[in-house]
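**Q** Here is a sequence together with a model predicted from it:
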Amino acid sequence: MRGIIRRTIYEIDRRGGLLVARERRVPRQGPSLQRTLVVDASAVDLRADDDRAGCAVAAVDELLGGNLALYGGAVSSIGWPPRWHVDPTTGRTLPDDVHWSTLSDASMGIDVKDAWEVGRMGWLATCARALVIADDDRAAESMWEAIEDFALRNPPFLGIHWMNGQEVALRGIALLFAGGVLEPHPSTTERRRSTLDDLVATSVARVRMTLGYAASQRNNHYLVEAAFLWSAAAISPGLPRGQQIERIAGRALREAVVDQFGGDGSYAQHSFTYQRLALHALLWVRFVAERTGHPLPCDLGSTFANNVRLLGSLMDESTGRLPNLGSNDGALVFRLTGHPIGDFRPLLAHAAAAAGMQSPLPAGTWDEEAQWFGLQPSASETFTAPDPPTGPSAYHVFQGPASRAMLRAGPLRHRLSHADQLHLDVWIGGQNVAMDLGTYRYTAPTPWQNALAADVVHNVPLPSGASQARRRGRFFWLDWPEPTVVARAEDGDAHVVIVELTMPNAPSVTVRRLVAQHGDRYVVADLLRPSAGTVRWNLPDGTTFTRIGDVLIAEGDRFIGQFFGGAETTYRNGPASRDDPTSGWASPTYATLEPVAVVQVGCANDGTAVAVFAPTGESLLDASDVQQWRSVVVAGTSEAARHAVSTPGGQDPLE
């Protein structure tokens with residue numbers, strides 16, 4: 001109800017012209033903010049690393065050549081200084097002279113996020129790295145050139161780059177960080193300081209006016225916007241009504257942190273990409289508080305620690321990758337290492353250092369991000385996956401000697417971003433062998449409007465004629481399906497969990513999933529009631545398949561899989577037919593597609609299907625083994641689960 005009230009107030013203000021009236025009272029040339037933040041980069045002990053310095057300079061060369069890897073993926077031409085009002089994907093010219101409240105991404109007919117990615121100015125960190133690591137003075141001049149050009153070509157409150165409060169806040173954080181890096185540099189003049197101050201002050205005014213709307217969303221918009229407002233006020237003693245803004249933003253941050261972060265390390269939007277975005281905003285707040293002497297508006301130590309435990313328990317140590325869970329729009333606030341966008345090791349090391357805990361990672365180039373913020377991670381000798389936080393959780397984590405898996409199964413405190421309950425991600429030997437497909441695009445020609453959010457493209461049981469959530473528009477799900485944990489058991493290194501979900505739009509339809517792990521082998525048994533339906537699996541592209549009767553065997557680079565179901569089990573590599581054009585694709589980062597293999601396991605007559613994943617070379621299950629697992633999932637009791645992990649005679653419980 002509070003969210004509805006906040007949204008209603010915003011709509012009244014927007015449609016009634018009150019936002020425009022307030023903006024007219026904002027000074028077009030703000031006073032000197034007297035910014036106090038200086039980013040002391042002396043802790044970035046990387047100057048002697050010639051390879052890294054060369055890479056940092058090469059990245060700036062690419063940027064000044066007018067090229068930017070959007071969302072860390074495909075390179076697009078953006079020009080230099082960037083063409084702020086040209087869509088880098090289609091080349092279309094975008095509005096720059098109308099009030100932001102009259103614009104919408106739907107009416108423009110393009111994915112405005114591509115232009116916003118340029119306007120966020122996250123790439124200022126690329127220039128900062130070259131300046132600090134390689135002593136490249138050209139990078140400092142380029143940073144000022146871009147800031148001055150943006151201020152000139154984006155008058156306050158006009159055009160696409162003032163449309164979204166979160167985008168303004170993300171750019172504001174990037175500008176404050178860049179200003180702190182540039183402050184002691186000879187290229188910084190009073191005129192340039194004034195340009196930056198005016199841009200920050202205008203951004204504060206824009207974000208402050210719609211903070212209530214951000215609050216109504218209960219997601220990273222609210223947290224990021226509050227983080228920007230608080231940090232801008234803390235850094236800038238000359239900010240008009242700065243103390244009032246700091247109090248309002250501090251209260252908003254306290255509300256957002258309590259609401260959005262769970263004790264199990266989970267985040268409100270059920271997305272690891274958005275979780276990183278929110279954590280970066282809070283790590284920025286911690287840094288500003290430390291450097292300015294302002295007290296933190298809320299305690300963040302336990303939040304950082306819980307997130308390190310959950311994310312670390314799911315991380316692939318060789319790549320830093322996590323399951324591609326939920327919405328993935330390529331958001332990355334601080335790109336302060338040479339690591340790819342999908343590598344979460346810089347965040348993990350940074351958050352662990354901020355929490356005052358030992359990093360689960362050994363020392364490495366991923367420590368650079370923390371060093372920019374005056375922290376030196378306490379490294380482990382080797383990677384040690386932490387135990388996930390205890391207690392009820394939306395994530396069930398399985399860890400083997402060379403593998404890990406994650407089962408998605410409620411409870412929920414926030415609305416889903418993807419219909420992915422009961423989804424299972426499996427990683428063996430550093431390879432994501434059963435994967436979440438990501439997002440691709442929120443706005444695109446049919447059929448790609450956030451198409452990868454639906455349950456039909458996740459690794460889940462799919463009963464005929466029933467869905468786990470009803471969808472309205474691109475982002476909104478009407479149902480919050482919450483699976484129930486009906487049984488769990490552990491014995492040594494064997495671990496079994498059984499969960500059950502009732503379809504909200506078909507109460508007579510239920511699905512039950514058993515996940516059993518022993519060493520690096522995973523058995524998944526599904527039961528659908530009534531018995532009609534399939535179970536979907538997304539596997540690496542190039543997987544080879546062999547059918548032996550009703551059993552399908554899949555082999556990849558490092559894994560082997562078995563699928564037991566009905567005779568209608570199908571498989572393919574790459575995209576599907578015209579009837580199902582979004583199937584067979586994965587999106588590792590926003591706006592990027594890669595092919596995958598897809599298996600649809602038809603249920604047997606009793607409504608069961610069984611899948612097995614193991615490293616290449618391990619023995620396979622036979623028919624009697626499979627029948628035992630079918631019996632366990634049908635029983636669905638704690639007694640059956642305990643029996644499955646404690647067979648007499650000390651035998652391998654999964655053999």
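**A** Happy to help now that I have it. Quick caveat, the model's predicted, so the values are computed rather than measured.
**Q** Where does pLDDT dip in the stretch 551-655 of the chain?
**A** By pLDDT under 70, the weakly predicted segments of the stretch 551-655 of the chain are 576-579, 647-655.
**Q** repeat that with 80
**A** For the stretch 551-655 of the chain, residues meeting the criterion pLDDT under 80 lie at 567, 574-581, 646-655.
**Q** quick one: the helices in the stretch 351-500 of the chain?
**A** Using DSSP state H, counting those that start in this stretch, the helices assigned to the stretch 351-500 of the chain run over residues 368-372.
**Q** And the strands in it?
**A** With DSSP state E, counting those that start in this stretch applied, the stretch 351-500 of the chain shows strands at 395-400, 403-408, 424-428, 431-434, 461-463, 471-472, 476-477, 484-491, 494-502, listed in chain order.
**Q** right, so these: which one is the most enclosed?
**A** Per residue and on average, the most neighbours among those fall to strand 424-428, with a mean of 27 (mean count of other C-beta atoms under 10 Å). Where C-beta positions appear, they are placed from N, C-alpha and C, glycine not excepted.
**Q** which strands and helices sit next to that strand?
**A** For strand 424-428, the elements it packs on are strand 403-408, strand 431-434, strand 608-615, judged by 3 or more C-beta pairs under 8 Å, 6 or more residues apart in numbering; DSSP states H and E.
**Q** As TSV, those strands with distance to I235 would be great.
**A** What follows is these, written out as TSV (distance: least, C-beta to C-beta, whole Å):
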stretch	distance to I235
strand 403-408	38
strand 431-434	40
strand 608-615	50
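**Q** among these, which is nearest R14?
**A** Evaluated over the helices and strands packed on strand 424-428, closeness to R14 peaks at strand 403-408, with 36.1 Å, by C-beta to C-beta.
**Q** Just the angle for that closest one relative to strand 395-400, thanks.
**A** 170 degrees (axes from the mean of the first three to the mean of the last three C-alpha atoms, to 10 degrees).
**Q** Would you map out the domains in this protein?
**A** Described in terms of automatic domain parsing, the domain architecture of the chain consists of the residue ranges 1-103+112-241, 261-393, 396-646.
**Q** Quick check: which of the ones you listed is nearest to A252?
**A** Among the domains of the chain, domain 1-103+112-241 comes nearest to A252, with 3.7 Å by C-beta to C-beta.
**Q** if we can go back for a sec, nearest to D114, out of the strands of the stretch 351-500 of the chain?
**A** strand 476-477 (22.9 Å).
**Q** can you give me the mean pLDDT across the closest one?
**A** Strand 476-477 comes out with an average pLDDT of 78.
**Q** for stretch 159-166, same thing?
**A** Averaging pLDDT residue by residue across stretch 159-166 gives 96.
**Q** now the end-to-end length of that stretch.
**A** Stretch 159-166 has its terminal residues 15 Å apart, counting by C-alpha to C-alpha, to the nearest Å.
**Q** ok, now stretch 13-24?
**A** 14 Å.
**Q** ok, and what's touching it?
**A** With C-beta atoms under 8 Å, 6 or more residues apart in numbering as the contact definition, stretch 13-24 has outside contacts at I12, H99, S101, P156, F157, A205, R206, M209, T210.
**Q** Surely the fourth one is in contact with V200?
**A** No - counting by C-beta atoms under 8 Å, V200 is not a contact partner of P156; they are 11.8 Å apart.
**Q** If you count surrounding residues, which of these two has more?
**A** Using other C-beta atoms under 10 Å as the criterion, P156 and V200 rank with V200 on top: 23 against 20.
**Q** Lowest pLDDT pick from the contacts of stretch 13-24?
**A** Across those, the smallest pLDDT goes to I12, namely 77.
**Q** if I look at that one, how far off is V535?
**A** When distance is defined by C-beta to C-beta, to the nearest Å, I12 is 48 Å away from V535.
**Q** More neighbours: which of those two?
**A** With other C-beta under 10 Å as the criterion, I12 and V535 differ in neighbour count, and V535 comes out ahead with 28 against 10.
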